[in-house]
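> Provided below for reference: sequence and predicted model.
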Amino acid sequence: MASDIGRKPPPATPCHRLSPGWRLGITLTVLVLAGLLDFNRWPLLGLLTVVVFAGLSLAEVPLEYLLRRLGWFLPPIFLLGLSAPLGQPDEAGWLWAAGLWLRCTVCFLAGLWLIHVLPFPELLATLRRWHVPLVLVAMLGFMYRFLFILWDELDRMKQARAARTSRPVGWRVAWKTSAMMLGQLLLRAWDRAERVHRAMLARGWDGSVKSLDGEWGSGI
């Protein structure tokens with residue numbers, strides 16, 4: 001089944017008790033500061049990192065969850081940062097790489113904090129109150145809703161492949177099969193989007209996005 005992110009009731013922590021606007025505003029502030037601060041002012045970047053870790057601790061983000069996400073995120077960022085010292089093997093290249101690693105890590109952790117403390121429907125409602133264009137809000141809402149459908153579709157494709165595989169295969173065959181699965185998933189997603197759009201038009205959809213609480217919606 002698809003992940004239950006955003007479906008479980010959040011814990012009652014000080015971070016969760018903040019208003020949605022404050023939670024989104026704090027995250028955006030951290031992202032802007034991490035992007036604008038020069039690495040020569042590394043004490044400020046270090047302080048910002050400490051603040052982000054304190055926020056994650058206050059929000060009761062599990063350490064195992066945090067380490068697992070960092071394990072997926074850090075290796076490609078580390079390889080990307082190595083491009084500077086390899087092309088410019090001096091102190092400036094290493095400083096640039098260190099600045100990139102630290103900034104990206106801070107931004108990633110801030111994003112994890114926002115995901116943990118702000119459910120996606122509340123995020124959409126906050127974006128509407130901030131007068132973000134309705135088209136963008138609607139796209140984000142549909143993306144969130146159909147992400148779980150695509151994830152379930154991928155699970156069914158994996159189960160079908162496992163049922164048709166009677167013996168272990170080499171990495172080349174596994175790579176080729178995975179690439180074919182991604183292509184099939186793209187085609188199925190396109191077909192599902194077309195069928196959903198036709199069904200919405202048949203039911204009188206006029207471009208409006210509505211919710212039960214009425215917090216975000218109105219014509220696109």
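Sure, I can see it. Nothing here was measured: the structure is a model prediction, and the numbers come from that model. Residues are numbered from 1 along each chain as shown.

> Got the phi and psi for His131?
phi 60, psi 40 (degrees, to the nearest 10).

> before we move on, what about Thr13?
Dihedral angles for Thr13 - degrees, to the nearest 10 - are phi -110, psi 160.

> Look at it and report its pLDDT.
pLDDT, Thr13: 84.

> is it true that it touches Ala59?
Yes. Thr13 is within contact range of Ala59, at 5.4 Å (criterion: C-beta atoms under 8 Å). In this view, the C-beta of every residue, glycine as well, is placed from N, C-alpha and C.

> intersection of neighbour lists for those two?
Val117 (C-beta atoms under 8 Å, 6 or more residues apart in numbering).

> Tell me which of these two has more neighbours.
Each of Thr13 and Ala59 has its neighbours counted (other C-beta atoms under 10 Å); Ala59 has more, 19 against 15.

> show me what contacts the closest residue to the more buried one other than its chain neighbours?
Counting by C-beta to C-beta, 6 or more residues apart in numbering, Ala59 lies nearest to Cys15, which is 4.1 Å off, once chain neighbours are set aside. By C-beta under 8 Å, 6+ apart, the contact set of Cys15 is Arg23, Gly55, Leu58, Ala59, Trp113, Val117.

> Touching the helix or strand hosting Leu28 from outside, list them.
Here Leu28 is covered by helix 20-36, with elements defined by DSSP states H and E. The contact list for helix 20-36 (C-beta under 8 Å, 6+ apart) reads 15, 18, 45, 48, 51-52, 55, 103, 106-107, 110-111, 113-114, 117-118, 122-123, 125-127, 129-130.

> in it, what's buried?
Within helix 20-36, the residues that count as buried by 16 or more other C-beta atoms under 10 Å are Pro20, Arg23, Leu24, Ile26, Thr27, Val30, Leu31, Leu33, Ala34.

> mind listing what's buried in the lengthiest helix in the chain?
If you go by DSSP state H, the chain has its longest helix at helix 171-202. Across helix 171-202, burial judged by 16+ other C-beta under 10 Å covers no residue at all.
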